[in-house]
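*Asks:* The following block contains a protein sequence and its predicted model.
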Amino acid sequence: MSSFTISGKLIDLFNRRIYPAQLEVVNGKIVSVIEVSHAPEQYLLPGLIDAHVHIESSMLAPTAFARLAVVHGTVATVSDPHEIANVNGMEGVQYMIDNSKQTPFKFFFGAPSCVPATSFETAGAKLDAAAVAELLASPDIWYLSEMMNYPGVLNKDKEVMDKIESAQKTGKPIDGHAPGLKGTAALAYASAGITTDHECFTPEEALDKIKANMHILIREGSAAKNYEALCELLRLHPTKVMFCSDDKHPDELVLHHINQLVKRSLKKGYDLFDVLRAASVNPVLHYKLPVGLLRENDPADFIVIDNPEQFNILQTYINGELVAENGKTLLAHIVVPAINNFKALAKNISEFSLNTNAANPVIRVIEAIEGQLVTNEIKMPAKVCNRQIVSDIERDILKMAIINRYEEKAPLSIAIIKNFGLKQGAIASTVAHDCHNIIAVGVDDASLCAAVNALIDCKGGISVAKNENEVSTMPLPLAGLMSTDDGYLVAEQYTVLDKTAKELGTSLKAPFMTLSFMALLVIPSLKLSDKGLFDGQKFEFISVEV
């Protein structure tokens with residue numbers, strides 16, 4: 001029998017008080033919480049929870065993700081394995097579950113509801129209503145993952161409603177994804193049984209969804225940052241708010257996680273108990289998670305901090321095991337196998353051309369927005385050379401391409417994008433939400449081709465081409481999404497490529513993350529799939545030329 005006691009000022013989130021206490025932990029559970037007269041100058045509080053994250057976006061396997069997250073006081077995640085499911089289907093979901101069981105960190109996976117997210121793109125797998133029902137019947141699956149097909153919900157599409165019904169039969173929560181939905185549309189979406197949304201980017205939208213009895217997940221990821229727009233919800237509706245990262249690259253995960261949102265909230269003057277409730281209690285209660293909240297008979301999942309003002313994480317415990325201390329992880333790196341799904345063959349430079357018969361064509365341009373997943377559609381005159389629409393560095397409108405990675409000789413899909421800022425070369429990635437085909441943006445066809453072919457050669461990863469002859473690559477052998485290396489090493493490798501991309505001229509804070517979302521068709525307004533340019537509001541393909 002393993003046991004220990006620990007003392008400090010306990011932050012009781014249920015009774016909203018702070019008092020000196022001694023915890024007794026036996027075999028991973030808190031057996032007693034005793035108020036004492038004196039305790040060391042340290043604070044005990046529940047561990048932090050990321051209420052919605054795609055582990056794959058960290059480019060790390062779950063075990064590697066855990067090593068980094070515990071340092072920041074995170075003890076659990078509500079994880080959607082949607083990304084690997086789009087590449088490897090049921091095998092990919094099971095891979096994440098199996099790998100997660102090799103660490104004490106608490107991963108709670110959902111059944112991906114939209115694989116593929118739409119019928120307007122090519123994925124590596126399909127999870128129909130029967131497959132989703134099979135997943136939901138498993139004790140390893142805790143909820144139905146984000147229902148991105150909100151038009152399908154509003155129109156009561158049979159396949160969509162069957163998936164929702166399967167979740168309701170098992171009594172498992174249903175996550176939402178409905179950017180921009182307000183008023184009666186938000187009410188109709190919620191009335192289908194959908195209980196959360198992490199895509200709100202205005203207070204008005206969030207308040208409409210709260211009125212519809214939805215919980216709002218305030219997201220602060222590597223590309224999508226909605227905290228500043230939504231943080232006032234902590235004061236207005238503290239029981240309806242949770243924190244999430246959604247997608248977080250490894251270089252940021254080394255620095256911070258949910259603890260960053262806690263610190264920012266406390267500095268803004270929000271109530272300590274309300275902030276910590278959003279970071280731990282609310283997700284545990286909503287998803288019915290077996291994560292401890294510092295009560296008798298709870299699992300001993302808690303953190304020790306110096307004080308609420310500085311909020312430095314001194315120790316992290318999961319099931320009574322000390323997993324991080326003073327900024328150092330105590331979890332060992334675990335060597336993991338790789339699975340993949342990759343058939344694309346090398347491309348020729350000529351395949352990246354975008355021909356036109358017009359003398360002065362006007363084109364639709366995807367306008368990328370820093371810190372947002374939504375894009376704008378703008379119309380601009382194209383730059384034309386030899387009857388080909390080409391990148392225009394002066395106006396920062398560049399050529400973007402998507403290549404189907406699941407077929408050997410599929411044609412390319414080309415569009416024009418603004419705000420990447422590259423002055424030379426190209427960047428490319430096989431992390432391209434949601435189907436994870438190859439996506440690239442660049443100033444010339446030769447650089448685009450070089451960046452893409454580098455990824456085809458290693459069957460997935462991210463790359464930076466300074467020109468057609470100088471290419472740097474970081475392979476991601478696990479589904480073309482994740483590395484099999486230690487998380488700290490991956491963070492170093494990613495930082496180098498990120499720096500190289502920025503040396504080519506881009507001013508985006510997270511150029512690879514922003515690039516990955518330019519293929520996300522379920523987020524308006526204009527995106528690109530391997531099948532063509534897509535209008536996310538009309539939900540139909542449109543032409544590049546107006």
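*Replies:* Noted; the coordinates are in hand.
*Asks:* Name the residues of the least confident helix or strand in the chain by mean pLDDT that are buried.
*Replies:* The weakest-scoring helix or strand in the chain, judged by mean pLDDT, DSSP states H and E, is helix 150-154 (a mean of 91). Judged by neighbour count (16 or more other C-beta atoms under 10 Å), helix 150-154 contains these buried residues: Y150, G152, V153, L154. For every residue, glycine as well, the C-beta is placed using N, CA and C.
*Asks:* packing partners for it?
*Replies:* The contact analysis (3 or more C-beta pairs under 8 Å, 6 or more residues apart in numbering; DSSP states H and E) places helix 150-154 against helix 158-170, helix 183-191.
*Asks:* Please save the CA atoms from it in CSV.
*Replies:* In CSV, the C-alpha atoms belonging to helix 150-154 read as follows (Å, rounded to 0.1, in the frame of the first residue of the first chain):
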residue,chain,number,x,y,z
TYR,A,150,-24.0,21.9,-38.7
PRO,A,151,-25.9,22.2,-42.0
GLY,A,152,-26.6,18.5,-41.6
VAL,A,153,-27.9,19.1,-38.1
LEU,A,154,-30.2,22.0,-39.1
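*Asks:* contacts for that helix?
*Replies:* Under the criterion C-beta atoms under 8 Å, 6 or more residues apart in numbering, residues 147, 157, 159-161, 164, 176-178, 181, 185, 188-189, 192, 194, 522, 539 lie in contact with helix 150-154.
*Asks:* 10 Å instead?
*Replies:* With contacts defined as C-beta atoms under 10 Å, 6 or more residues apart in numbering, helix 150-154 is touched by 113-114, 118, 147, 157-161, 163-164, 174, 176-181, 184-186, 188-194, 197, 199, 522, 539.
*Asks:* which of those residues are buried?
*Replies:* 113-114, 118, 147, 160-161, 163-164, 174, 176-181, 185-186, 189-190, 192-194, 197, 199, 522.
*Asks:* Once you drop chain neighbours, what's closest to P46?
*Replies:* S280 (4.1 Å; C-beta to C-beta, 6 or more residues apart in numbering).
*Asks:* now swap in V336 and tell me
*Replies:* V336 sits nearest to A61 (C-beta to C-beta, 6+ apart), 4.7 Å away.
*Asks:* Check whether that neighbour really touches D485, as I assumed.
*Replies:* Yes: counting by C-beta atoms under 10 Å, D485 is a contact partner of A61 at 9.4 Å.
*Asks:* anything in contact with each of these two?
*Replies:* Contacts common to A61 and D485, judged by C-beta under 10 Å, 6+ apart, are V335, V336, L478.
*Asks:* Now do the phi/psi pair for the last one.
*Replies:* Main-chain dihedrals, L478, degrees, to the nearest 10: phi -90, psi 90.
*Asks:* Let me see the contact set for it.
*Replies:* Counting by C-beta under 10 Å, 6+ apart, L478 has contacts 56, 59-61, 64, 84, 87-88, 92, 95, 99, 336-340, 460, 484-485.
*Asks:* Could you do A440 as well?
*Replies:* By C-beta under 10 Å, 6+ apart, the contact list for A440 reads 347, 352, 399-403, 412, 426-429, 432, 447-452, 455, 463, 465, 515.
*Asks:* Recalculate using a threshold of 8 Å.
*Replies:* Contacts of A440 by C-beta under 8 Å, 6+ apart are M400, A401, I402, I403, A426, I427, A428, S429, L448, A451, V452.
*Asks:* Then F108?
*Replies:* With C-beta under 8 Å, 6+ apart, F108 has these contacts: A76, T77, V78, S79, W142, Y143, Y287, L289.
*Asks:* Check V93 too.
*Replies:* Residues near V93 by C-beta under 8 Å, 6+ apart: P81, I84, A85, F109, A111, P112, L135.
*Asks:* In the host helix or strand of A51, which residues are buried?
*Replies:* Counting by DSSP states H and E, the element that carries A51 is strand 48-53. Judged by neighbour count using 16+ other C-beta under 10 Å, the buried positions of strand 48-53 are L48, I49, D50, A51, H52, V53.
*Asks:* how far away is L48 from L136?
*Replies:* 27 Å (C-beta to C-beta, to the nearest Å).
*Asks:* surely E220 meets V262?
*Replies:* No: in this structure, E220 is not within contact of V262 by C-beta atoms under 8 Å, at 11.1 Å.
*Asks:* Now the common contact residues for the two.
*Replies:* F243.
*Asks:* Give the residue spans of the stretch 1-150 of the chain that score low on pLDDT.
*Replies:* Within the stretch 1-150 of the chain, the stretches with pLDDT under 70 are 1.
*Asks:* Kindly recompute the last result at 90.
*Replies:* 1-2, 117-119, 148-150 (pLDDT under 90).
*Asks:* For S245, list the residues it contacts.
*Replies:* S245 sits next to D50, H52, V53, R219, E220, G221, S222, H257, I258 when contact means C-beta under 8 Å, 6+ apart.
*Asks:* Give me the contacts around the strand holding A51.
*Replies:* Under C-beta under 8 Å, 6+ apart, the answer for strand 48-53 is 69, 72-80, 146, 175, 196, 198, 217, 219, 242-248, 257-259, 262, 279-280, 282-284, 286-287, 289, 291, 303.
*Asks:* Output it as PDB - backbone C-alpha positions only.
*Replies:* Taking C-alpha atoms only, strand 48-53 is exported to PDB below (Å, rounded to 0.1, in the frame of the first residue of the first chain):
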ATOM      1  CA  LEU A  48      -6.100  21.600 -15.000                       C
ATOM      2  CA  ILE A  49      -8.000  20.100 -17.900                       C
ATOM      3  CA  ASP A  50      -8.000  21.000 -21.600                       C
ATOM      4  CA  ALA A  51     -11.600  20.600 -22.500                       C
ATOM      5  CA  HIS A  52     -11.100  20.200 -26.200                       C
ATOM      6  CA  VAL A  53      -7.900  19.300 -28.000                       C
END
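*Asks:* next one: it to chain centre, how far?
*Replies:* Its chain's C-alpha centre and that of strand 48-53 lie 10 Å apart, by C-alpha atoms, centre = their mean, to the nearest Å.
*Asks:* That concludes my questions; thank you for your assistance.
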